[in-house]
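In: Sequence and predicted structure below; questions after.
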Amino acid sequence: MEKQLERCGWCGTDPMYVKYHDEEWGKPVYDDQTMFEFLILEGAQAGLSWITILKRRGGYKKAFANFDVHKVAAFTEADEERLMNDPGIIRNKLKVKAAITNAKLFIAIQKEFGSFSDYIWGFIPGKQPIMNKVVTLKDVPARTEISDAISKDMKKRGFKFFGTTICYAHMQATGMVNDHIETCISR
């Protein structure tokens with residue numbers, strides 16, 4: 001008997017969440033702009049649900065210069081103040097400051113490694129997605145040795161809001177790992 005395909009249970013039925021699940025989550029990303037977008041969004045998500053951030057994604061895109069890392073790195077105190085008054089994003093001063101700091105550090109990694117993608121995928125054997133065996137959502141880890149290593153290296157470089165759990169979520173979002181359940185339509 002053939003297993004019936006389904007979606008991972010975490011995305012529920014919200015159309016925005018389902019679209020994100022079906023079209024983005026777990027799909028390999030190698031371009032730096034998308035990597036930077038998810039760095040900003042995952043940092044903003046710390047302590048909140050992903051759907052909260054997903055619903056504000058358009059606000060983040062507008063507030064953070066279409067995720068142009070060079071523009072964000074050049075943000076001033078006036079920009080910080082503007083962001084703190086922007087209802088389209090999570091107005092947390094530490095997260096806003098971290099996004100700007102992380103943009104500067106992202107550029108430093110690009111200069112050192114040629115691209116942020118080359119740097120972060122360099123932690124993955126063969127630079128190919130890790131295909132985890134996920135039967136139920138309980139099989140999905142919150143962190144791994146690889147996310148520990150990436151997070152530790154990025155913290156050493158000065159990144160904020162990028163602990164191992166956020167790092168692992170970033171790895172999932174950018175397809176460095178595929179944690180779709182084995183019967184998922186997006187596997």
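Out: Received the coordinates, thanks.

In: So, low pLDDT: which residues of the chain?
Out: 1-4 (pLDDT under 70).

In: Swap in 90 and give it another go.
Out: 1-5, 187 (pLDDT under 90).

In: Name the single longest helix found in it.
Out: Scanning the chain for the helix with the most residues, using DSSP state H, yields helix 93-113.

In: how near is Ile100 to Val177?
Out: 28 Å (CB to CB, to the nearest Å). (Each C-beta comes from the backbone N, C-alpha and C, glycine too.)

In: Sorry, wrong one. I was asking about Ile166.
Out: For Ile166, the distance to Val177 (CB to CB) stands at 14 Å.

In: Which neighbours do these two have in common?
Out: Residues touching both Ile166 and Val177 (CB atoms under 8 Å, 6 or more residues apart in numbering): there are none.

In: Measure how buried Ile53 is and give me the count.
Out: With neighbours defined by other CB atoms under 10 Å, the count for Ile53 comes to 20.

In: out of everything not next to it in sequence, what's closest to His9?
Out: Actually, residue 9 is Gly. It isn't His. Spatial nearest neighbour of Gly9, chain neighbours left out: Leu137 (5.6 Å); criterion: CB to CB, 6 or more residues apart in numbering.

In: give me every residue that touches that neighbour.
Out: So Leu137 contacts Cys8, Gly9, Trp10, Ile181 (CB under 8 Å, 6+ apart).
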